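Engineer: task: produce atomic coordinates for the following.
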Amino acid sequence: MTFDPTKPVRTRDGRAVTILATGVLAHIPGIGCRVGEQTILAQIEGKPAPDYFDADGSFHKAQGDTEWDLVNIPPEPVKTEEFFSIYPPSEGADWSFAKRASASTARNIGSDKYRATIRIAYEDGKPVSASLV
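Structural biologist: Residues are numbered from 1 along each chain as shown. The predicted model follows:
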């Protein structure tokens, strides 16, 4: 996965990060960045001073992956749910379902044929669970 400093960021071990600048050309002696490469200046929560990172998010003083590397935070899944009233079969028909706005409207539909309510939970548009409510 490629690193994008314009999206939410944290360290590899989960610490909060504030990006202070991107596209910094690092040619300051002693900071450890590769001279002339574009770098990122970021403040890691709990550290007294900001640090430089390579454009790919890797910590400037390290070789290989470290807990200080910057990584993008995966977006939270979009969670939604739907409710359905269930009705028994009638005269040669199968069980029927009616989509409702909420669990309470699914239960309070005023029909003596109503049997149960099903709640289906989705994450990013994909069903993840179903339950009777």
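
Engineer: how about the helices in the protein?
Structural biologist: 103-107 (DSSP state H).

Engineer: what sits opposite R119 in the beta ladder?
Structural biologist: The partner list for R119 in beta bridges (DSSP bridges) reads F83, S131.

Engineer: and for T11, the neighbour number?
Structural biologist: Residues contacting T11 under the criterion other Cβ atoms under 10 Å number 22. In short, each C-beta sits where N, CA and C put it, glycine included.

Engineer: quick one: it and D65 touch, right?
Structural biologist: No. If you go by Cβ atoms under 8 Å, T11 and D65 don't touch, sitting 11.3 Å apart.

Engineer: between the two, what contacts are shared?
Structural biologist: Common contacts of T11 and D65, defined by Cβ atoms under 8 Å, 6 or more residues apart in numbering, are absent altogether.

Engineer: spit out the contact partners of P75.
Structural biologist: Per Cβ under 8 Å, 6+ apart, neighbours of P75: P8.

Engineer: state the distance from it to E123.
Structural biologist: Distance of P75 to E123, given as Cβ to Cβ, to the nearest Å: 11 Å.

Engineer: so what sits against both of these two?
Structural biologist: Common contact partners of P75 and E123 (Cβ under 8 Å, 6+ apart): none.

Engineer: residues contacting A21?
Structural biologist: A21 touches 40-41, counting by Cβ under 8 Å, 6+ apart.

Engineer: understood, closing this out.
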